[in-house]
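> Mind looking at a prediction? Sequence and model below.
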Amino acid sequence: MKNKFFFGFIAITTIASAIAHYWIPSIGVKFAMTSLAIIALAALLGKATETVAHYAGDRIGGFLNATFGNAAELIIAIFLIKRGMFDIVKASITGSIIGNLLLVLGLSLLAGGLKYKQQTFNPLLARQNASMMLLGVIALFVPAAFSNGLEVKQIHTFSLIVSASLILAYLLWLVFSMITHKEELENTDDEEDCEQPPSWSMRTAIIIMIVATTLVAVESEWLVQSVEKVAHKLGWSDLFIGAFVIAIVGNAAEHSAAIFMALKNKIGTSVEIAVGSSLQIALFVGPLIVFISYLFGTPMDIVFTTHELVAIGVGTFIAVSISSDGQTNWFEGILLLVVYMILGAGFYFV
């Protein structure tokens, strides 16, 4: 009965958002209905993630959630690239990285910490994640520092080399963490004893994740269209739109799934979703977008602005500092959220 009501609500919100998008002229109504549909689909994706984690392990579940969640981010970026809106693409990459590290992880630590005094996860995994995030920061800082005085063609070649290196590093990281050192990096989450077995099979859950992600991507594109119009009416800059508004929308799936897992005392899965998603954006999705831009005949470089680099550097520093010991509490979540608010204010006034 609960599943029927759940799927019925998702169907109603999705259909309502489609009606609003195509036949209702009010931007406010379009924005509200599409947002509601994304929230419902994100909840579905979170439930599917929990089911996959039950069968395949928390790391695989978190990885799949981050991957399907970032698929929407990639699709949105492709739409923006087709329009030549590279500044917003870079801002959305920045916003996605800091959004996962500060907002998603912060809300997860806060929610889980309010229910459980202290939550723990594999400290070795935390240190490996920290090293990978620092690699991402270095790879973004170096092109910005060395691009002065270079010709446009040289900058694009430099960007391709950096992007290819990051993609290779990420793929090797998957081999290291999922195959050769899988046992050492397994999470140590304490599941609730009263937890009931999932009502879906693993195959059903994966199919649901694929369908939900596809719908989230469609809804996200609709929401981007309405958000851009609303934002420009309010006088928001492209940097703020990309780094915060679009990034929050693109990460809707991760938001709900990570918080839901933290409340189930599976903070390791929450960290895998939040930090793993940031890693995937910085080391794979962002570099992949550089290569995809060549398909449209308008190459995008990997040179980010000073504001974006500072935001990524600050976000990585505080997240690494808090999570490196493998222990979390609600106050650490507050610290991450405070930094996110400070950066949000900075982007708003730029």
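Happy to help now that I have it.
> Quick check: residue 173 touching residue 280?
No: the pair residue 173 / residue 280 is not scored as a contact, 9.9 Å apart, by CB atoms under 8 Å. All C-beta atoms are positioned from the backbone trio N, CA, C, and that covers glycine.
> Which one's more surrounded, those two?
With neighbours defined as other CB atoms under 10 Å, residue 173 and residue 280 compare such that residue 280 has more, 25 against 19.
> And the pLDDT for the more buried one?
The per-residue pLDDT reported for residue 280 equals 91.
> element containing it, please.
helix 267-280 (DSSP states H and E).
> chain center to that helix: distance?
9 Å (CA atoms, centre = their mean, to the nearest Å).
> ok, now stretch 312-323?
The answer for stretch 312-323 is 16 Å, by CA atoms, centre = their mean.
> pretty sure residue 286 is touching residue 300, no?
No: look at residue 286 against residue 300 with CB under 8 Å: they stay out of range, at 9.9 Å.
> How many neighbouring residues does residue 237 have?
Using other CB under 10 Å, residue 237 is surrounded by 16 other residues.
> List the contacts of residue 302.
139, 140, 143, 158, 159, 162, 163, 286, 287, 290 (CB atoms under 8 Å, 6 or more residues apart in numbering).
> I meant to write residue 307 there.
Taking CB under 8 Å, 6+ apart as the test, what residue 307 contacts is 239, 346, 347, 350.
> and with 7 Å instead?
When contacts are counted by CB atoms under 7 Å, 6 or more residues apart in numbering, residue 307 is found next to 239, 350.
> Could you tell me whether it really is in a strand?
No: using DSSP: H, G, I helix; E, B strand; the rest coil, the secondary structure at residue 307 is helix, not a strand.
> still on that earlier bit, and the contacts of residue 302, which two are furthest apart?
158 and 286 (14.8 Å; CB to CB).
> higher neighbour count, these two?
More crowded of residue 158 and residue 286, by other CB under 10 Å: residue 286, with 29 against 18.
> hang on, isn't that one packed against residue 95?
No: with contact defined as CB atoms under 7 Å, residue 286 and residue 95 do not form a contacting pair (11.8 Å).
> Now stretch 209-228: buried residues?
209, 212-213, 215-228 (16 or more other CB atoms under 10 Å).
> my bad, should have said stretch 15-31
Neighbour-count burial for stretch 15-31 flags 16, 17, 18, 20, 21, 27, 29, 30, 31 (criterion: 16+ other CB under 10 Å).
> average pLDDT across it?
Stretch 15-31 shows a mean pLDDT of 85.
> Which parts of the stretch 1-150 of the chain are helices?
2-23, 27-56, 58-82, 86-98, 105-115, 123-146 (DSSP state H, counting those that start in this stretch).
> OK, contacts around residue 209?
Taking CB under 7 Å, 6+ apart, one finds 45, 48, 64, 68 in contact with residue 209.
> Return the member of those nearest to residue 259.
Nearest to residue 259 out of the contacts of residue 209 is residue 45 (CB to CB; 12.5 Å).
> still on that earlier bit, of the contacts of residue 209, which pair is most distant in space?
45 and 64 (9.7 Å).
> With neighbour numbers in mind, choose between the two.
residue 45 (28 against 23).
> Is it correct that the more buried one is in contact with residue 257?
Yes: here residue 45 reaches residue 257: they are 6.1 Å apart, a contact under CB under 7 Å.
> Now do the shared contacts for those two.
Common contacts of residue 45 and residue 257 (CB under 7 Å, 6+ apart): residue 65.
> what angle sits between the helix or strand where residue 224 lies and helix 27-56?
Residue 224 is part of helix 202-233 when elements are defined by DSSP H and E. Taking axes from the mean of the first three to the mean of the last three CA atoms, to 10 degrees, one finds helix 202-233 and helix 27-56 inclined to each other by 150 degrees.
> angle of helix 202-233 against helix 2-23?
Inter-element angle recorded for helix 202-233 and helix 2-23: 30 degrees (by the same axes, to 10 degrees).
> just checking, next helix/strand downstream of the least confident helix or strand in the chain by mean pLDDT?
Ranked by mean pLDDT, DSSP states H and E, the helix or strand of the chain with the weakest confidence is helix 247-250, at a mean of 67. Going down the chain from helix 247-250, the next helix or strand is helix 252-263, by DSSP H and E.
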